[in-house]
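In: sequence? don't have it. structure:
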């Protein structure tokens, strides 16, 4: 399979685009692999890619129930950022940011990483100090952050409501390196790159059970037959509990619906990403011109991949409160993701809890930005049988020991994170 | 936001007056517990397992209670069900402590009674278009065949928690938390203005 | 001008003026912007997204992908508005979009010259060399070229409302099936809402020459409308689009109240959001005319055949001086002939089938319309259409026409049936997807269900309307359905003309048949991948005009057939919805309620500066003339309080009344310390945990009587704590006999603090003993003040000074404040705000919201010693986890700047002096800071690793985001009066 | 989504606060295995795809905690009762 290059582009322009081959093979499953990754979303494909690239393990199957990227990888608001607060999180997300920054060259695929910045607005002295705490924590981890005052925010986003607001804007925490990436392209880029390294991407292959030897997991039953491997990694987001149930495991996660929205296409309006500090609203603008926005999760357990009207209204109210010129712009599409909310709002990347099993879950509503580092760390964890320092805090037993990573401080209630 | 409210501070009650097109008054509202005419209020909460006995005791004392979202009157009191074994009781021409004492006499130790005479703005809303205005915020079915005289609801209207009940065919009485009353009146004013809205009892602007 | 001589549902007696791209035109009431433009001979209405190709209107409905305009100007500019749904009004101004410098001459149309490069997925393969160029050069250029219309320049000046309606039967769509359903349900007495997207009821009946019950279709519509209007149980809602079906039989709809006017009427909103709760729903949303993909199919002048007919019959507008129709089905042929009868110059019908039914052939002949059978349009020409090339087995020919109506058959409009996860199913006999599983309570009638013949639509509507009413509990009398003559419904499945040249599948997004082939070639074959890779179906029409053809083309390529290839799932909204209407009243200052304290007006009169505290508005400080900044005011307030006496409204605290024999037991279980042993007439500070062992809230709780306590919570957690207590009482321990009542609104509470506070209090109480013996520290007195106002007096202190909190019924709050001010005047009593309150509590080392942030346990805050070991309480077990006892956990201490002139800032992180600034070396952070006028320098509270062991140590307070980096000294968090003597005097 | 409150009648879900799975019950804090039992109670969830008993609090209505049986795949509600007592009132 050829690399994408000037030459290949010109050649195909001249031949009516007839020279392209499938971006990745539609592989049929083999009976055994060295590693099985369940889940053909961004995290699963990235894991396979880094296992192959960084750890030399190439006999890998990525098993996907439908087609690649058919879950949350294609149902998010495409934001990438590393503006986390707690020491368990921030170095991991900053590593993800660094991987994003080199992703296109690494994958030979344009994932449209666009570092146009994120601004978290604050509206009180207390919020300012909390964001200062966060901004300083980011600097400690080597990330960039700036605390903007009201006038600096106004210079960047003059369309915000500075005059008639219920909660006046006092400033914002900005991460200039944050931004967005084209979510589907991330999936396709990893799929294509993993495929080039020999990874089998098996689509329309649903895992229906696990093959056990004693305690150990040694393979999976699928709709396309049994597949064995000494290592089985799960990267299936909101479907995690459905699989771990087959192993009699109860995890500290709940599946919830998260809605997101896009407006009709517009000429450039919003620079980067803006989040409202007193309501549930954040917004960016896609390369195609649509305002991509979202808010809070619907707030109850759900596997339905859809939400309800009160949350739509809540998001619109937040939007109108902070950006009242959007009143006549229209919401074009809404979608619902099936997110794996955890009890402390932070992820799990860990060995176990059974021999041969590896967990990558609990991404809450923030899995997209984590995609590269999640894959990178999960690959390390699978290959070396132990967590990398970057994901050392994301262990499953933290709930037992009390080393919880609760950015919001709301406690063991997933719908509040 | 609306031009109607532009010059009214969001922390103040919308002043009494006429809002909307001249000449029309499709909706009227009047604050019922003004400083001039106080209205005592108290919550009556049945003690554990005592709801049935409390209802019997109060009925015997002249106040029928329904363990349902209904209002009922008797002995000069007006009781509204707000939850299982819970009522909001109103009394005209009585002080809060007097009402509490009165209810304590009736309840005979079967209930906790708490003075709430200062906790609410009590607002009577009526008029030919009252329902049309209210449906812009009330998410309970107000159709007269469904929500009948005496029916009550505790719900949220335009982000404000309220208890309201239909006193008779024409009037809805709303109890709105004191600090939320300005926000409630702002919503009501913009919602009723298209029909012509007469507001009374909230003081001059 | 292509206005037809007569006819149409327009009021020719009145003329409306409007402007498009600055040019003036006229139309009539009843016109849409699109029909008026066509009637004025304007065919070029827009430019496509990617190649900026010239485009004309292709539909007459809300599914329009091409004729998008910027409607109105300035703050009311509405980008991407479909000209097909805009009712014409006098003075309307619209502009084309996504073109420069003009619609006619668009520089970016050069994009189509490089279109060989710009195939589907082109972006993903390029712009990577050199790496830095993507963001600096390529992306900004792409962004500027992309997008459609421009957002308005200013906040939306119009208002919006949100309303809720309830009904037994919601009928969506008012065509033949919808009207029949509404009649049947309405006659039963059921509450019916009939929602119609258009500004007129009737649907397709407004455009067709059908005979119903022996009269014209228009007569039927008029009679039905009259009857429904007369029924008190029926609500007709024209200009109302049901955009979403949600759980619990809730439907979202938008009523366009004022969009047909230059501006909304006074006191009326622009639009109104309806949440419609319907026991049953009959969806009668009709069908879309299915496009055929053929080379040159995007030229202005090429449109849906039914749209072509609608413009002629309903609007009296010719889409061109002459027209032809390219069809696969009887319905389109009949509609075209209707248009010809209405005066459209219809030159030819080109049908892919070998013959038309006799009746249609005869009508065509009578109207002088040429019929070309087995014909396919294989090419078009002209910037706006001038001619088409037709291929038949008998040869090719070119026809000179200005308009071409195209119909590939009907695609049922089943969008809403999918919103709760239902998947459409393929019906081979009509070659269309029809509703599969539908939302609970919904039935689908008419063309939306794949029922196309008029008589069948009427019958089905009647039947489903009646059964919906009867399911909702109403006896629907079995009235006969309206009768209509049979209409031919013959068709041939046909999606795609093979041929050279760009054949567009998604017109707005410029996705061609070649792009679909490329997606197939590269493996993007699943429908969802096809969509995402090519952007097919992602335009503002949400795929209504493109999905079916795209699917058919992919099915051709895979050879799997359409049902096996799949369908895309429709999600809300059915058509795009303005964000303003979804927000309604809640914007600007009305975004959330603003809660005033009982003394708000008084504070305002004192010149207070207010601050948002959650929903509350609280006085932050009370500036005096001559004070140069807030700090000077706050310093004065603190000093006055510490040296004499100050007052503050603390009514915002949550207050909960607890009565019953088991209150003490409950409190022992929710607080870490004991309350059952609290004496009557005493108050105690308590800390409550979440079950995970972290601190949830704190506050004082007083015992008023043996079985009566009153609890205070923090302002922020008032509702949360009440909910928590109800959880304890209803779920955890339902055996406990405790009654709760929130009294937060009932009581105004004012704190009076400072060494002179007792003297001030003494002047307003009605004979209460407030001496140190009569009302000791943490004592509670009940009585009256100000000559008969009921009061509760708590001797508490947040400031550390001698202090009291006086609670009176809320209506007396302002009077109490005034009485205190008057009584305190001789002592220089000073009102203070939350800023000074914050300073004083930091001086005392009391924790507050910045420390109670949900991430701290009692031990972190130095409160562990309060925890009782004699009982269980919520959070006790989990607080025993190893991490909570880790001596390295950051723990509360105080801080002073080593350079006493330096300013401390909350949010700074602590590092050992000399340690590198890394996450590994992070030792905690500053939670709260204040300038202490008492000490004359800044002070801070913070959480520091092993803090209490490090008294006197200097650490680095690292605050790069504010340019701060200084040494601070660790000290006790109690900066003043550490033994708490002042509050006990 | 509308929740049929046994006291108030059917109301929009936005009047309610959600807690989650109603199955876990607070363990005996004095039991020898209390630490492990509380870990399970506070953190571990079945998270079923299908019918689930869950706790909702009618915060804007009657302030009762409800046990709602709801299918997490379809959001269909099949049963509602007051939590705790199982009976109709206090």
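Out: Yep, it's here. Computed from a predicted model, the values in this text were never measured in an experiment.
In: OK, contacts around the closest residue to residue C:539 other than its chain neighbours?
Out: Once flanking residues are discounted, residue C:539 sits nearest to residue C:508: 3.5 Å by CB to CB, 6 or more residues apart in numbering or on different chains. Bear in mind the C-beta positions are built from the backbone N, C-alpha and C, glycine included. When contacts are counted by CB atoms under 8 Å, 6 or more residues apart in numbering or on different chains, residue C:508 is found next to C:48, C:49, C:65, C:66, C:68, C:539, C:540, C:541.
In: of all the residues you listed, which comes closest to residue C:744?
Out: residue C:540 (47.7 Å; CB to CB).
In: can you give me phi and psi for that closest one?
Out: phi -70, psi -10 (degrees, to the nearest 10).
In: does it touch residue C:148 like I think?
Out: Yes. Counting by CB atoms under 8 Å, residue C:148 is a contact partner of residue C:540 at 7.3 Å.
In: mind pulling up the pLDDT for the nearest residue to residue A:259 once chain neighbours are set aside?
Out: Nearest residue to residue A:259, sequence neighbours excluded (CB to CB, 6+ apart): residue A:307, at 3.9 Å. Predicted confidence (pLDDT) at residue A:307: the value is 92.
In: hmm, back to that, can I get the contacts of residue C:508 in CSV with pLDDT and secondary structure?
Out: Shown next, in CSV, are the contacts of residue C:508 (pLDDT from 0 to 100; DSSP: H, G, I helix; E, B strand; the rest coil):
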residue, pLDDT, secondary structure
C:48, 88, coil
C:49, 85, coil
C:65, 96, coil
C:66, 95, coil
C:68, 96, strand
C:539, 93, coil
C:540, 93, coil
C:541, 93, coil
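In: can you redo those as a markdown table with neighbour count?
Out: Below are those laid out as a markdown table (neighbours: other CB atoms under 10 Å in any protein chain shown):
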| residue | neighbour count |
| --- | --- |
| C:48 | 25 |
| C:49 | 29 |
| C:65 | 28 |
| C:66 | 29 |
| C:68 | 30 |
| C:539 | 28 |
| C:540 | 28 |
| C:541 | 28 |
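In: where do the contact lists of residue C:540 and residue C:148 overlap?
Out: Joint contacts of residue C:540 and residue C:148 (CB under 8 Å, 6+ apart) are A:264, A:265, C:68, C:80.
In: quick one: which helix or strand includes the last one?
Out: Spelled out, it's residue C:80. strand C:78-82 (DSSP states H and E).
In: show me what that strand is packed up against.
Out: On a contact count with 3 or more CB pairs under 8 Å, 6 or more residues apart in numbering or on different chains; DSSP states H and E, strand C:78-82 meets strand A:253-265, strand C:68-71.
In: distance from the chain centre to it, please.
Out: In this view, strand C:78-82 has its centroid 19 Å away from the chain centroid, taken as CA atoms, centre = their mean, to the nearest Å.
In: one more: stretch C:554-570?
Out: Chain-centre distance of stretch C:554-570: 33 Å, with CA atoms, centre = their mean.
In: go on, stretch C:45-55?
Out: The chain centroid and the centroid of stretch C:45-55 are separated by 30 Å, computed with CA atoms, centre = their mean.
In: can that stretch be found next to chain A?
Out: Yes. Counting by CB under 8 Å from any CB of the partner chain, chain A has neighbours in stretch C:45-55: residue C:49.
In: what's the end-to-end length of that stretch?
Out: 6 Å (CA to CA, to the nearest Å).
In: what about residue A:394, distance to residue A:349?
Out: Distance from residue A:394 to residue A:349, counting by CB to CB, to the nearest Å: 5 Å.
In: which neighbours do these two share?
Out: A:377, A:387.
In: can you pick out the residue with more neighbours from those two?
Out: It is residue A:349, of residue A:394 and residue A:349, that has more neighbours when counted by other CB atoms under 10 Å in any protein chain shown, with 33 against 27.
In: quick one: low-confidence residue ranges for chain B.
Out: Scanning chain B for pLDDT under 70 picks out the ranges B:1-2.
In: so where do the helices sit in it?
Out: Under the criterion DSSP state H, chain B contains helices at B:51-60, B:96-107, B:130-134, B:181-192.
In: from what I can see the residue nearest to residue A:259 touches residue A:256, true?
Out: No. Using CB under 8 Å, residue A:307 is not in contact with residue A:256, being 9.4 Å away.
In: what do those two both touch?
Out: Joint contacts of residue A:307 and residue A:256 (CB under 8 Å, 6+ apart) are residue A:298.
In: for the nearest residue to residue C:91 once chain neighbours are set aside, grab the count of nearby residues.
Out: Spatial nearest neighbour of residue C:91, excluding adjacent residues (CB to CB, 6+ apart): residue C:262 at 5.4 Å. Neighbourhood size, residue C:262 [other CB under 10 Å]: 12.
In: next, the contact list for residue C:262, please.
Out: C:89, C:90, C:91, C:92.
In: which pLDDT does the model give the nearest residue to residue C:525 once chain neighbours are set aside?
Out: Nearest non-adjacent residue to residue C:525, counting by CB to CB, 6+ apart: residue C:558, 6.0 Å away. If you check residue C:558, the pLDDT there is 93.
In: residue C:558 and residue A:40: what is the separation?
Out: From residue C:558 over to residue A:40 (counting by CB to CB), the distance is 20 Å.
In: among the two, which residue is more densely surrounded?
Out: Comparing residue C:558 with residue A:40 by other CB under 10 Å, the one with more neighbours is residue A:40, at 30 against 12.
In: next, the contact list for that one, please.
Out: A:62, A:63, A:64, A:65, A:67, A:68, A:69, A:70, A:191, A:201, A:203.
In: of those residues, just the buried ones, PyMOL syntax please.
Out: With 16 or more other CB atoms under 10 Å in any protein chain shown as the criterion, this PyMOL line picks the buried residues out of the contacts of residue A:40:
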select buried, chain A and resi 62+63+64+65+67+68+69+70+191+201+203
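In: tell me which two in the contacts of residue A:40 are the farthest apart.
Out: Between any two of the contacts of residue A:40 (CB to CB), the greatest distance is 15.0 Å, for A:65 and A:191.
In: separation between the closest residue to residue C:119 other than its chain neighbours and residue C:512?
Out: Setting aside the residues directly before and after it, residue C:119 is nearest to residue A:17 in space (CB to CB, 6+ apart), at 4.5 Å. Between residue A:17 and residue C:512 the computed distance is 11 Å (CB to CB).
In: do residue A:47 as well
Out: Distance of residue A:47 to residue C:512, given as CB to CB: 36 Å.
In: the two: who's more crowded?
Out: The residue with more neighbours, out of residue A:47 and residue C:512, is residue A:47; 33 against 26, by other CB under 10 Å.
In: tell me the residues of chain D that contact chain B?
Out: Chain D comes close to chain B at residues D:7-9, D:11-12, D:14-15, D:60-64, D:82, D:88-90, as judged by CB under 8 Å from any CB.
In: now do 6 Å
Out: D:7, D:8, D:12, D:15, D:60, D:61, D:62, D:63, D:89, D:90 (CB under 6 Å from any CB of the partner chain).
In: thought the third one was touching residue B:140?
Out: No. Between residue D:12 and residue B:140 no contact is recorded; they are 9.4 Å apart, counting by CB atoms under 6 Å.
In: so which of the two has more stuff around it?
Out: Here residue D:12 and residue B:140 are compared on neighbour count by other CB under 10 Å; more neighbours surround residue B:140, at 26 against 23.
In: how many residues are close by the residue nearest to the more buried one when sequence neighbours are not counted?
Out: Spatial nearest neighbour of residue B:140, excluding adjacent residues (CB to CB, 6+ apart): residue B:153 at 4.7 Å. Residue B:153 has 26 neighbours, counted by other CB under 10 Å.
In: check the gap between residue C:422 and chain A for me.
Out: 11 Å (CB to the nearest CB, to the nearest Å).
In: and that residue, how far from residue C:356?
Out: Relative to residue C:356, residue C:422 is positioned 36 Å away (CB to CB).
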